[in-house]
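no sequence for this one, just the structure:
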């Protein structure tokens, strides 16, 4: 009986020593990983020297590229004042206003033509989101607003609505005309 008790104590003491070894190994691994992290910092220690400023023309080009990704949208010429060279510079249907502060903010005005048959509020929302997301992603600047000015409607081939071809008479209308003309001739 005493022999059994000794065996149980030995087995229990072996389990404790194995558990203690496992804990000790974990402590050693943690210390090694902490030492490795201290040896090579993840973030550069040096502060940047100088500042980075992005020109309005670059912001305008990014916004213009975003505008071109929206199906059914074409850039428009803008207002009469911008055509005459007054006011802010236009970049293919896009005007940019940059507030240069500690955290720069951008306001974008877009002048567009929408393809006939598309729902204009949906197209405008897609355009606003796309321009906002791309500008924030590529510049890091905060986009204050993206204003959309729909200045026209165009057809799929790019022609403006004013140049739309007149619809040919429908077959039923032409048949009715022929019947009316035949009736006039008889009467």
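Now that the structure is in, tell me what you want to look at. Please read these numbers as outputs of a predicted model, since none were measured by experiment. Numbering: from 1, shown residues only.

Run through the helices of the chain in chain order.
Counting by DSSP state H, the chain has helices at residues 2-39, 56-68, 80-83, 120-139, 171-186.

Scan this protein for its longest strand.
strand 142-154 (DSSP state E).

any residues touching that one, and which ones?
74, 76-78, 99, 103-116, 120, 124, 127-128, 131-132, 135-136, 160-161 (CB atoms under 8 Å, 6 or more residues apart in numbering). For the C-beta atoms, the positions are set from N, CA and C on the backbone; glycine is no exception.

Make a ChimeraX selection of whichever of those residues turn out to be buried.
Command for ChimeraX, covering only those of the contacts of strand 142-154 found buried under the criterion 16 or more other CB atoms under 10 Å:
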select :74,76,78,104,106,108,109,110,111,112,113,114,115,124,127,128,131,132,135
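
Can you flag which of the contacts of strand 142-154 belong to strands?
Mapping the contacts of strand 142-154 onto strands (DSSP E) picks out 74, 99, 105-115.

Would you mind giving these as a markdown table with distance to residue 93 added?
A markdown table is the format used below for the ones in strands among the contacts of strand 142-154 (distance: CB to CB, whole Å):
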| residue | distance to residue 93 |
| --- | --- |
| 74 | 8 |
| 99 | 22 |
| 105 | 21 |
| 106 | 16 |
| 107 | 15 |
| 108 | 11 |
| 109 | 9 |
| 110 | 6 |
| 111 | 5 |
| 112 | 6 |
| 113 | 9 |
| 114 | 12 |
| 115 | 15 |
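
Mind picking the two most distant members of these?
Maximum pairwise distance among the ones in strands among the contacts of strand 142-154 (CB to CB): 33.4 Å, between 99 and 115.

Based on its surroundings, how many neighbours for residue 133?
12 (other CB atoms under 10 Å).

pLDDT averaged over stretch 111-130 - what is it?
Across stretch 111-130, pLDDT averages out at 95.

Same question for stretch 59-78.
pLDDT averaged over stretch 59-78 gives 90.

What residues sit buried inside it?
So, applying 16+ other CB under 10 Å, buried residues of stretch 59-78: 59-60, 62-64, 66-67, 70, 72-76, 78.

Can you name the two of those that sit furthest apart?
Farthest-apart pair in the buried residues of stretch 59-78 is 59 and 72; separation 23.8 Å (CB to CB).
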